[in-house]
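Peer 1: need coordinates for the following:
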Amino acid sequence: MAKLRVGWFTFTCSEDSSIVLIELLIKHYFEWKEKVDFRYCRPLKSKNLFDSFDVAFVEGAISNEREKQKLLEIRAKSKYLVATGACACTGYPSAQRNDFPEQLSAQIEPFIRRWDLYRKVLRVDEVVKVDDKVDGCPMIEARFIEVLDKYITQFK
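Peer 2: Sure thing, here's the model as predicted:
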């Protein structure tokens, strides 16, 4: 049986969903090792393949042009893309600076320029088509398993 080709990508966030993923892998290792090929997952592997994915899980919000371009590449290489965690799904809490009052926005302007950041942090679905969402900060474990199982079943 062919394995589900999965990519796990992280952008602007606390990476708490990556930690939950690793905890889930500890619990479900023997079940998933026969069904899932984590082709790209930096929290797990030092050597990753960035070729094509059945499903890409994207954690984090998009805060600069480099991240946007990388997300566009991921979308192009993926049959399905899943926004994972609150920052990817809603933009928040990473996007809290979008709501800063004018005075505070002026104070952070040097940092925005220095690191070439967008003035407005974007949700993943503001950049690319999203096929599914796994909300939560960190992601909701049961929902992640539900979505992963859906794609494992679909790609059998």
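Peer 1: paired strands for the host helix or strand of Lys133, with orientation please.
Peer 2: Per DSSP states H and E, Lys133 falls inside strand 132-134. The strands that strand 132-134 pairs with in its sheet are strand 78-84 (parallel) (by DSSP bridges).
Peer 1: quick check: the residue of the chain most remote from its centre vs Glu109, distance?
Peer 2: When distances to the mean C-alpha position of the chain are computed (Cα atoms, centre = their mean), the maximum falls on Gln103, with 31.4 Å. As judged by Cβ to Cβ, to the nearest Å, Gln103 and Glu109 stand 11 Å apart. In this view, the C-beta of every residue, glycine as well, is placed from N, C-alpha and C.
Peer 1: Cys13 too?
Peer 2: Note on Cys13: its distance to Glu109, by Cβ to Cβ, is 22 Å.
Peer 1: how about the strand holding Lys133: buried residues?
Peer 2: Residues of strand 132-134 classed as buried: 132-134 (neighbour count, 16 or more other Cβ atoms under 10 Å).
Peer 1: any regions of the chain where pLDDT drops low?
Peer 2: Within the chain, the segments meeting pLDDT under 70 span 1.
Peer 1: kindly list the longest helix within it.
Peer 2: Counting by DSSP state H, the longest helix found in the chain is helix 16-32.
Peer 1: which strands and helices lie in contact with that helix?
Peer 2: Secondary structure elements in contact with helix 16-32, counted by 3 or more Cβ pairs under 8 Å, 6 or more residues apart in numbering; DSSP states H and E, are strand 4-10, strand 53-59, helix 141-154.
Peer 1: just the ones you listed: most buried one?
Peer 2: Per-residue neighbour counts averaged over each of the helices and strands packed on helix 16-32 give the maximum for strand 53-59, namely a mean of 26 (mean count of other Cβ atoms under 10 Å).
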